[in-house]
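Q: Next comes the sequence, and after it the predicted model I'd like to discuss.
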Amino acid sequence: MYLEAALTPLLIYPLAAMALGVSLINRIQHRRETSRRIAAERQLLDAHADLMATLHAIPDMLLEVDAEGYHRSIWAGTFPISDAEKEFLLHNKIEDTLPPESATTIRRAMQEADATGSSTGHRILVTRHETPLWCELSVSKKTSDETCSPHFLILARDITERVKAETGLHLAASVFSCSQDGILITDAEGRIIDVNPSFTRITGYTRAESIGKNAKWFRSELIPSDAGAEIIKTLSQKGTWQGEIWNRRKTGETYAERCSIDAVRDEQDNIQMYVTVFSDISTFKAHQAELDRIAYFDPLTGVANRRLLTDRLKIAQARARRSNRQLAICYIDLDGFKPINDTHGHAVGDQLLIQISKRLQEALRGDDTIARLGGDEFVLLLNNLTDSHDCFVVLDRVLASISTPLAIDHHRVSVSASIGVTLFPEDDVGVDTLMRHADQAMYRAKEAGKNCYHLFDIQLDRQIKSQRQTLLRLKKALADGDFRLFYQPKVNLRHGQVVGVEALIRWQHPELGLQPPMSFLPLIEGTDLEIPLGEWVMQEAISQLARWAESGLVLPVSINVSSNHLQAPCFTEKLRSLLLQHPDIDPRWIELEILETSTLGDIHQISVSIRACQALGIDCALDDFGTGHSSLTHLRQLPAKTIKIDRSFVLNMLEDRGDHAIVDGVIGLAKAFGREVIAEGLESLEHGIALLKLGCEQAQGFAIAKPMPANDLPAWIEKWHSARNWENSHTKKLESVM
């Protein structure tokens, strides 16, 4: 027992030690295996991290697709695809997620990879967010670990920008080769890098002949050296030049080209090359020349037409202003051309015009222009004249040349010319007006007997224009109500009684103020304004007469009426209408005054009109009597009740025995024919005494009163009656006359 007890530890300890050793060994091995496993795991993690870093670094999408076309895994990287789209792809086949053409392309790439292990270079078009996207595919075969059914790894790379660039390059190449314009590309030193087929077609030089040569080799002597220097200067300053030049083909034939040159620079703004694009415009130039001939020259005679004459005349005007010289515009109309044309036919007429054109060209100087406006009308533009004498020398030569007989088709024909002339800048107007002035002067030459020239009267034209402008202002004045009626009293010299007033028109000019009738009435005579203005005067005067009558003032009114107005249709009817508008007016209160000088027309018609007025109860007076050419005839034939002695005779009757005799004679005639008489122009008491002595009791004039507005007349009448000038102040003098 003791021995066993003593030996037991000895036996146990080795076993324990052995077991402990085995345990230690196992633990060491386990640690080693753990370390290796950890190292392997770390290595795997590092490799995975490297793989992920690599995948993150590329912008491509990686797909794993099985043999049936189902998506097994997707790595999008930076490829524009959302998580929802990934989820959609993982549950569908490529045919369900791509357009048919793209799906077919992938299937074909998978078949190639199945056969050879890989397939590259395939392109498909997809749409991402409504934007077309081109992808390039690389497909690799991968064998499954269990089923041995192949899987395929598909790498899709976005090459949209590359496709765009390739398309652009292809387009540029197509444009370069297919362009109908010649294209020449040189380096910075001007050596030719490339030319297109149109370059060869236009110039005749092949590409092989051109490459490496300096572009100056193709510049012909037709391009001036200063023009070439200007092109280089413009290119250096602006980087581009455009223009038209003349050049020469390989065959020596000249041609016109429209050319543009552009400098191409790098990022550092250094010139890398020059690109020249040009086109042959010879046909266009020829066509343009033909159009210019049609547009600017007369097709029959070959001389300038109206359009070219207008252009040259504008240039000549500017030149004349700068040089302080004159130019003449001469309008020619052939005398006797129509009978020749009618007698011998249009062919002879045309030949005559052609020969006349040639003669005119020979008669003119080199700087002058001849133009045909049409028919037998020509215009000469004579430049650089010192004075009108220079012009007349040329025109004398022209008249002599035109009037020389011509032989045409065995016919001897002869014409002359009537020429109207105007000189610039004396006649300082526009082109169209100059032509019109010369045309007007030509008609004066015809009226003067033909075969002569007539110089345009500038002063007369200015006067006519001024009258025309004044007439327009008068029409506007009538529309705007700018006319006024003033009234001049008429009195009985013996009793001082106011027997009536004469209505006298005035124009309230907006700038010049109140204008007398003689400043505008002569301009209106015979125009379409004469009758409307006369109707306004009648209506205004009768309306004023009605207003006076309504206020208790009965004041007969004399209204001036022109003979044209008196003879106008419906004159009497309109006068009757005015009377109907004012039933309280006695027609005997109205008197119409007709100028004797205006009755030189149809006396019978005027007599009919006067009698029609008298039938309405309105009498007429013959105004300014004695100034007409047939006063006795008028006095005998016109049924006027009153004769008015013209003021020109009354004013001078005290000093001029002749005027005194005329006044005395008119008064005697009036009494002999049973007419009343009234004198105008009473300027003094002495005139009144003299008139009374001769038997004229009625008068008007400044000695009595000046014309005044209607509103001032009642106060003047009251003052006149209270003063009783003629009855009280000068009774003794008047009685001595009797």
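A: That came in fine, so what should we check first?

Q: and this structure, what are its domains?
A: 56-164, 179-285, 298-456, 478-737 (automatic domain parsing).

Q: how many other residues sit next to G349?
A: By the criterion of other Cβ atoms under 10 Å, G349 has 20 neighbours. Quick note: C-beta positions are derived from backbone N, CA and C, even for glycine.

Q: check contacts around it.
A: Counting by Cβ atoms under 8 Å, 6 or more residues apart in numbering, G349 makes contact with F337, I340, N341.

Q: One more: I606?
A: Here I606 is in contact with S563, L566, Q567, I594, T599, L638 (Cβ under 8 Å, 6+ apart).

Q: Mean pLDDT lowest where, among the domains of the chain?
A: Of all those, the minimum mean pLDDT falls on domain 56-164 (a mean of 80).

Q: How far does that one sit from its chain's centre?
A: What separates the centre of domain 56-164 from the centre of its chain is 66 Å, taken as Cα atoms, centre = their mean, to the nearest Å.

Q: For M738, give me the pLDDT.
A: 37.

Q: before we move on, the earlier item: any chance of CSV for the domains of the chain, columns distance to R42?
A: Listed next are those as CSV, based on distance: least, Cβ to Cβ, whole Å:
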stretch, distance to R42
domain 56-164, 20
domain 179-285, 48
domain 298-456, 95
domain 478-737, 109
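
Q: For S35, find the nearest of those domains.
A: domain 56-164 (28.5 Å; Cβ to Cβ).

Q: Phi, psi for G239 please.
A: Main-chain dihedrals, G239, degrees, to the nearest 10: phi 80, psi 0.

Q: which residues does the residue lying closest to it once chain neighbours are set aside contact?
A: Leaving out its chain neighbours, the residue that sits closest to G239 by Cβ to Cβ, 6 or more residues apart in numbering is A263, at 4.5 Å. Listed by Cβ under 8 Å, 6+ apart, the contact set of A263 reads L235, G239, T240, I271, M273, Y274.

Q: Please report the distance of the closest residue to the last one other than its chain neighbours from A215.
A: Of all residues not flanking Y274 in the chain, T186 sits nearest, at 4.9 Å (Cβ to Cβ, 6+ apart). As for T186, its distance to A215 is 5 Å (criterion: Cβ to Cβ, to the nearest Å).

Q: which residues do the two both contact?
A: With Cβ under 8 Å, 6+ apart as the test, T186 and A215 both reach I192, Y274, T276.

Q: what are the pairing partners of the strand or helix carrying the second one, and which direction each?
A: Which is Y274. Per DSSP states H and E, Y274 falls inside strand 271-280. Looking at strand 271-280 with DSSP bridges, its partner strands are strand 182-187 (antiparallel), strand 254-265 (antiparallel).

Q: Among these, which comes closest to I211?
A: It is, among those and with distance given as Cβ to Cβ, strand 182-187, at 10.1 Å.

Q: For the stretch 551-700 of the chain, which segments are assigned as strands?
A: For the stretch 551-700 of the chain, the strands defined by DSSP state E, counting those that start in this stretch occupy 557-560, 590-595, 619-625, 642-645, 676-679, 698-699.

Q: residues in contact with the last one?
A: Spelled out, that is strand 698-699. Applying Cβ under 8 Å, 6+ apart, the contact partners of strand 698-699 are 490-493, 499, 650, 676-680, 682, 687-688, 691.

Q: and if you look at the second one?
A: Identification of contacts with strand 590-595 by Cβ under 8 Å, 6+ apart yields 500, 502, 542, 545, 556-563, 566, 606, 610, 613, 618-624, 640-642, 644.
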